[in-house]
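> Provide a 3D model corresponding to the input given below.
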Amino acid sequence: MRLFGVKNFVRLAAVMVLATTLSVFTVGCSGDDYPSSDIEWYVGFSAGGGFDTASRIIAEEMSSDLGTNVVVRNLAGGGGRRAAQEIHKAPADGYAISIMNMPNQILAEKIDPQGVDFNNLSWIGRAVIQTYGLYTAADSKFNTPAEVAAAGDDIRFCLSGLSGHSFLVASVTTEVMKIAWNPVTGYKGAETQAGLLRGDCELALGPMAGSTLSAVQSPDFKALWIYEDERFAPLPDVPTVKELGFPQLGGGKFANNGLVAAPPGTPADIVEKLSASFDKALQNSDVIAGINKKGMAVSRLSPSETSSVVDGMSGIVSEYLELVRAKSQSR
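Next up is the predicted model:
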């Protein structure tokens, strides 16, 4: 009788341990106790830039809403690729998210695959959008696509290198507008503007934000067009590519998108909590003002809308990939 009691006690204890384990596992998976520790927000660029600043502004608001710290962590390297790789392999528990520059990261992955599948990420939403534009020195004789195309090989683009977002936009622009392909590389930031003023090149492209927007708004430079369907409020007199007869270049296809994602396989209820807090932050007037101050705009997207945007960007990059490869190899 005593032995029977011991056996039953052992069995009962094992059942209780198993039940407790399953209960903890179920609660952990449901996200009911989420978040219970700090959330890391990866930024693939150095501190102080547009995406970094926007991330810090949004993260601070999300911290207050979620009741835990959303900590921005800079993982600069590879033009944002290090952060993209990190979020792709991070645990799918909701404690890591990342802002990524799209479609630039998609282009980089397709040109040099590193195993990151952007379609598999758990998308949270869009943090910021930066309108892309083409600009030149104020005293340039060029004002229209026809005038630029007529210049033939005398027209040169100041680009950072034979890859990246500006290279993608320049490659497609020259093809669609029948402009000669004559890139001059090694120009970033203020050096781009200096190159235009020195006459190293005649044209440059970039997001109409930060120092580039300030330059274009100054007497020294002028924007010839922006890659949108609607006019850009900070540059109301600058025509869109749609107005100029090139709608295939508009619609925000070539805008800088700061899209935020969690790792692949993050539970749906946790994604929902993150996206709800994220979207709430983007409706805060102080958050919007802080982002606008850096020359960026807030254009909110739901997780499903963000996923659709990524699909569309992937399609555009795939469509022009061979063209980009050919043009990078032609120099």
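> surely Gly44 meets Gln85?
No. Assessed by C-beta atoms under 8 Å, Gly44 is found out of contact with Gln85, at 9.1 Å. The C-beta positions use only the backbone N, C-alpha and C, and glycine is treated the same way.
> so for those two, which residue has more residues nearby?
Using other C-beta atoms under 10 Å, the more surrounded residue of Gly44 and Gln85 is Gly44, with 25 against 21.
> list the contacts of that one.
By C-beta atoms under 8 Å, 6 or more residues apart in numbering, the residues touching Gly44 are 51, 75-84, 98-101.
> can you rerun that using 7 Å?
Leu75, Ala76, Gly80, Arg81, Arg82, Ala83, Ala84, Met100 (C-beta atoms under 7 Å, 6 or more residues apart in numbering).
> cool, Thr68 as well?
Thr68 is in contact with Pro35, Ser37, Asp38, Ile39, counting by C-beta under 7 Å, 6+ apart.
> run a quick neighbour tally on the first one.
Pro35 sits with 20 neighbouring residues when counted by other C-beta under 10 Å.
> quick check, it in a helix?
No. Pro35 sits outside any helix when classified using DSSP: H, G, I helix; E, B strand; the rest coil, being coil.
> that one reaches Ser63, doesn't it?
No. Look at Pro35 against Ser63 with C-beta atoms under 7 Å: they stay out of range, at 10.0 Å.
> quote the end-to-end distance of stretch 294-302.
One end of stretch 294-302 to the other measures 23 Å (C-alpha to C-alpha, to the nearest Å).
> identify the residues contacting it?
Under the criterion C-beta under 7 Å, 6+ apart, residues 50, 53-54, 125-126, 128-130, 208-210, 213, 279, 282, 288, 291, 309 lie in contact with stretch 294-302.
> name the SS class of the residue nearest in space to the middle of the chain, please.
With distances taken as C-alpha atoms, centre = their mean, Asn101 lies nearest the centre of the chain, 2.3 Å away. Of the three states, Asn101 takes strand under three-state DSSP.
> enumerate every residue touching the nearest residue to it once chain neighbours are set aside.
With C-beta to C-beta, 6 or more residues apart in numbering as the criterion, Asn101 has its nearest non-adjacent residue at 5.1 Å, and that residue is Gly80. Residues near Gly80 by C-beta under 7 Å, 6+ apart: Gly44, Phe45, Met100, Asn101, Asn104, Gln105.
> okay, who's weakest in these by pLDDT?
Least confident of the contacts of Gly80 in the model: Asn104, at 88.
> wait, isn't that residue in contact with His165?
Yes. Between Asn104 and His165 there is a contact under C-beta under 7 Å: 4.1 Å.
> please verify my assumption that Ile129 contacts Leu259.
No. Ile129 is beyond contact range of Leu259, at 9.4 Å (criterion: C-beta under 7 Å).
> Val287: neighbour count?
20.
> you'd agree it is in a strand?
No. Checked against three-state DSSP, Val287 lies outside a strand; its state is helix.
> which residue, neighbours along the chain excluded, lies closest to Gly265?
Computed as C-beta to C-beta, 6+ apart, the closest residue to Gly265 that is not its neighbour in sequence is Ala92, at 4.0 Å.
> measure that neighbour to Glu175 for me?
40 Å (C-beta to C-beta, to the nearest Å).
> same check on Leu66?
Distance of Leu66 to Glu175, computed by C-beta to C-beta: 46 Å.
> which one of the two is surrounded by more residues?
Leu66 (19 against 15).
> hmm, Ser277 and the more buried one touching each other?
Yes. Using C-beta under 7 Å, Leu66 is in contact with Ser277, at 5.3 Å.
> now the nearest residue to Met313 once chain neighbours are set aside: how far from Ser140?
Spatial nearest neighbour of Met313, excluding adjacent residues (C-beta to C-beta, 6+ apart): Pro103 at 3.9 Å. The gap separating Pro103 from Ser140 is 28 Å, by C-beta to C-beta.
> all set, thanks.
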